[in-house]
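1. After the sequence you'll find the predicted model.
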Amino acid sequence: MQMSETIRGRYAPSPSGRLHLGNIASSLLAWLDLRHLGGELIFRLEDLDPERSYMDYARLMADDLRWLGLGWDAGWPADAGYAQGERTEFYAEAFSALQRRGLIYRCWCSRAERLAARAPHPGEEAPGSCRCRGLAGAELAARLNGPRPPAYKAAVPDMDVSVLDGHYGEYKENLARGGGDFIVRRSDGVYAYQLAVSVDDALMGVTRVVRAADLLPSAPRQKWLIETLGYPAPDYAHAPLLTAPDGRKLSKRDGDLNMAELRRAYTPEELIGRLAYLLGLIDRVEPVKAAELVEGFDWAKVPPGPVDIGGVF
Ligand code: GLU
């Protein structure tokens, strides 16, 4: 008989601003998915980019999630080792393992570099493969002796990777022709999002990744990285994006829909009730506790989105 493995999911917020309505929708779905499956939820802080990480936001994020009744079982801040800022040695080890297998090359292109430490949002990245992959001889020597330190990219194979998403179904991408090679370490030495998230999910034994749909295109390369490093890839389920009535995706810049304002306007039950209605989990807007939604939770009820928040918020 096979041993049943622990089902483990995670919150993985980047502390670069106050949580907004879109983050809360993804967190609610991550929490419901895990609680419905009877799994364990961890809180991991994605504070990779020192220039964009603010511990005050991290503390507020944790407080906001607890206020909403979306608690977790282990992780930051109570337990050590759950903030990416403390985990550089693990990224360095994975980086060396990839290097030993000839899967890393130096890259001097500057595009996309600035963004590499945080999760990509639509239109923000087009790294692809680049000329640096084939640099050799005098040209390579000149770069190596030049003033700019290189970033490092993973050289992806020409291979289809398919992810069976718990909400969107099969999502398939050819690594080379889709996302292409991607940065794993910036030129300032900061390990990049794709490497860190894959290493953390692998080493933390994460079996369920529930997060916003704009990260669905990252799932095949993360699955490839995790499996290349010798670990089983988690199952993925992506949450629909929320949009403002004018079609804009909600972001941390939408100050009027962040938790500071939302906590002034609603009780936790009122806020969860409105979100649950938008996410297809209840039939009308009414106050509800997150815990009351666990038993009937079903991804089939959740619309593909984008979900217009107009008329509800
Ligand atoms: N830290 C990312 C964000 O806040 C989420 C990354 C992930 O869930 O893989 O957008």
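-> In hand now; what should we look at? Residues are numbered from 1 along each chain as shown.

2. By residue count, which helix of the chain is the longest?
-> When the chain is scanned for its longest helix (criterion: DSSP state H), the result is helix 21-37.

3. Give the other helices and strands that it contacts.
-> Judged by 3 or more Cβ pairs under 8 Å, 6 or more residues apart in numbering; DSSP states H and E, the packing partners of helix 21-37 are strand 8-11, strand 40-43, strand 208-212, strand 235-239, strand 242-243, helix 259-265, helix 268-278. In short, each C-beta sits where N, CA and C put it, glycine included.

4. I'd like those as TSV, with mean neighbour count and distance to residue 21 appended.
-> Formatted as TSV, the helices and strands packed on helix 21-37 follow (neighbours: other Cβ atoms under 10 Å; distance: least, Cβ to Cβ, whole Å):
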stretch	mean neighbour count	distance to residue 21
strand 8-11	25	16
strand 40-43	22	20
strand 208-212	24	12
strand 235-239	23	12
strand 242-243	22	6
helix 259-265	15	7
helix 268-278	22	7
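
5. Could you point out which of the ones you listed sits nearest residue 160?
-> Residue 160 sits nearest to strand 235-239 of all the helices and strands packed on helix 21-37, at 16.2 Å, using Cβ to Cβ.

6. Output the closest one as CSV, restricted to C-alpha atoms.
-> Output in CSV follows, covering the C-alpha atoms of strand 235-239 (Å, rounded to 0.1, in the frame of the first residue of the first chain):
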residue,chain,number,x,y,z
ASP,A,235,-0.2,20.2,-8.6
TYR,A,236,-1.2,23.6,-9.7
ALA,A,237,-4.5,25.4,-9.6
HIS,A,238,-4.7,29.1,-10.7
ALA,A,239,-7.2,31.6,-9.4
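
7. And the residue located most distally from the centre of the chain, how close does it get to residue 150?
-> Here the chain reaches farthest from its C-alpha mean at residue 138, the gap being 39.5 Å by Cα atoms, centre = their mean. Applying Cβ to Cβ, to the nearest Å, the value for residue 138 to residue 150 is 16 Å.

8. Residue 261 now?
-> Distance, residue 261 to residue 150, by Cβ to Cβ: 43 Å.

9. same check, this time on residue 69
-> Distance of residue 69 to residue 150, computed by Cβ to Cβ: 47 Å.

10. These two: which is more packed in?
-> It is residue 150, of residue 69 and residue 150, that has more neighbours when counted by other Cβ atoms under 10 Å, with 19 against 15.

11. partners of the residue nearest to that one when sequence neighbours are not counted in the sheet?
-> Counting by Cβ to Cβ, 6 or more residues apart in numbering, residue 150 lies nearest to residue 106, which is 3.8 Å off, once chain neighbours are set aside. Residue 106 forms beta bridges with residue 152, as assigned by DSSP bridges.

12. All good on my end, thank you.
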